[in-house]
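Asker: okay, here's the prediction I keep looking at, along with the sequence it came from:
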Amino acid sequence: EADLIVCRDEKIIQVHDFGTLDVKLELKSEAASYDAVLSPDPKFFFSVHDNEKICMWDLQVGRCVRTFQGHRNFIRSIVASPNGTHFATGSEDGTIRVWNIETGCQEKIFKLGASTLSLAFLNNRNQIAAGMDDGWVFLFDMKPLPFDRALPIQQNQVTGFAINREGSLLLSSSSDSTVRVWDLGQNGQPKNLKSHTGWVTALRISPNSTYAISGSADGSIIMWDLLEMKEKRKLPAHQDEVIDVDISQDSQRILTVGADRVIRILNANTGKQECELETDHTATCARFHSNCVQIFFSSTDCSIHTFDIPSNSEGSKLCGHTNTVNYICL
């Protein structure tokens, strides 16, 4: 397995060996890459670039094996289908496009007019959820229909999505300070969860689907009970905007990343802090290792760091980028 790191501001994608953390591949593209998604087939991944192209990379041969072109403006989001047959992209050109991985052809185009800020395939459903900058969420059916239904849920921009593993709950976050929960088996109104006072900037659902975590530009972090559909507790706040949150695979730990250069590890059962890391530079993204006791975080110092929770100490540092590392994918 590999740890894939993408740097937005460079024409370089680095792939690190997950065991040794050594650079396994350094892939050069013709344009800067700023987002990527792994295919369910671990041989491939897809990256989007600032020349409106999508590249399909073969990790075994270490090169781009196919490009996809059709968007006419900045591509804001990309997501792969769980069965590995398609991926979808959303752009500032007002379209969402669905691509066939095997043929390389564009199979569907949904013309909406607004920019797509976030996309997600719904597990166990033949649908795509799209969050738009005009405040709408659309559910697109992959069958030959224009779309399944539209969800006019937010007053302002939809900033992100989270979907549980069963594909039954969809959470959306917004610049209007709310988190909304949709039961995709029902056609009723969503549950509106509000406690933040600023934009909701980070959102995750626990792997066991019992709670969600949201972080805000106001520094607050809320744990939401998804069984009772209400606030469960407030977690230790940051002094500045919350940049990212994540939940361990066993649902027992939570990590939060703040613009105040602090990363916290919290016990999900008690909400109490287990450890705190003050970083020299602002962290941009953080993820739990599957062992639940180690985290990886990227930083504005152009590197990726590891941190061991039991020993409360930093580990390896991965260097090589010459500008901010914006995103990591495990």
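Answerer: Ah, there it is. Residues are numbered from 1 along each chain as shown.

Asker: ok, the strand or helix carrying Cys55: who's next to it in the sheet?
Answerer: Counting by DSSP states H and E, the element that carries Cys55 is strand 53-58. Using DSSP bridges, the strands paired with strand 53-58 are strand 44-49 (antiparallel), strand 63-69 (antiparallel).

Asker: show me which residues of the first one are buried.
Answerer: Neighbour-count burial for strand 44-49, counted by 16 or more other CB atoms under 10 Å, picks out 44-49. All C-beta spots, glycine's among them, are computed from the backbone N, C-alpha and C.

Asker: which among the residues you listed gets closest to Glu274?
Answerer: Each of the buried residues of strand 44-49 was scored against Glu274 by CB to CB, and Phe45 proved nearest at 32.4 Å.

Asker: and that closest one, how far is that from Phe74?
Answerer: 20 Å (CB to CB, to the nearest Å).

Asker: repeat for Gly113
Answerer: According to CB to CB, Gly113 stands 15 Å off from Phe74.

Asker: out of those two, which sits in the more crowded spot?
Answerer: Ranked by neighbour count (other CB atoms under 10 Å), Gly113 and Phe74 place Phe74 first, with 13 against 9.

Asker: how about the more buried one: what's its closest non-neighbour residue?
Answerer: With CB to CB, 6 or more residues apart in numbering as the measure, Glu92 is the residue that lies nearest to Phe74, at 4.5 Å, once sequence neighbours are left out.

Asker: might you report the residue contacts of that neighbour?
Answerer: 73-76, 115 (CB atoms under 8 Å, 6 or more residues apart in numbering).

Asker: distance check, it against Arg76.
Answerer: Using CB to CB, one gets 6 Å for the distance from Glu92 to Arg76.

Asker: overlap of the contact sets of these two?
Answerer: With CB under 8 Å, 6+ apart, Glu92 and Arg76 have common neighbours Ser115.

Asker: how much space between His305 and Leu139?
Answerer: With the distance defined as CB to CB, His305 ends up 38 Å from Leu139.

Asker: just want to know which of these two has more residues nearby.
Answerer: Each of His305 and Leu139 has its neighbours counted (other CB under 10 Å); His305 has more, 23 against 18.

Asker: and Val98, how far from Gly84?
Answerer: 14 Å.

Asker: more crowded one of those two?
Answerer: Neighbour tally, Val98 and Gly84, criterion other CB under 10 Å: the higher count belongs to Val98, 18 against 14.

Asker: quick check: bridge partners of the more buried one?
Answerer: Ala88, Lys108.

Asker: residues touching it, list them.
Answerer: Val98 neighbours (CB under 8 Å, 6+ apart): 86-88, 106-109, 128, 142.

Asker: so what's the gap between the strand holding Cys55 and the chain middle?
Answerer: A distance of 19 Å separates the C-alpha centroid of strand 53-58 from that of its chain, computed with CA atoms, centre = their mean, to the nearest Å.
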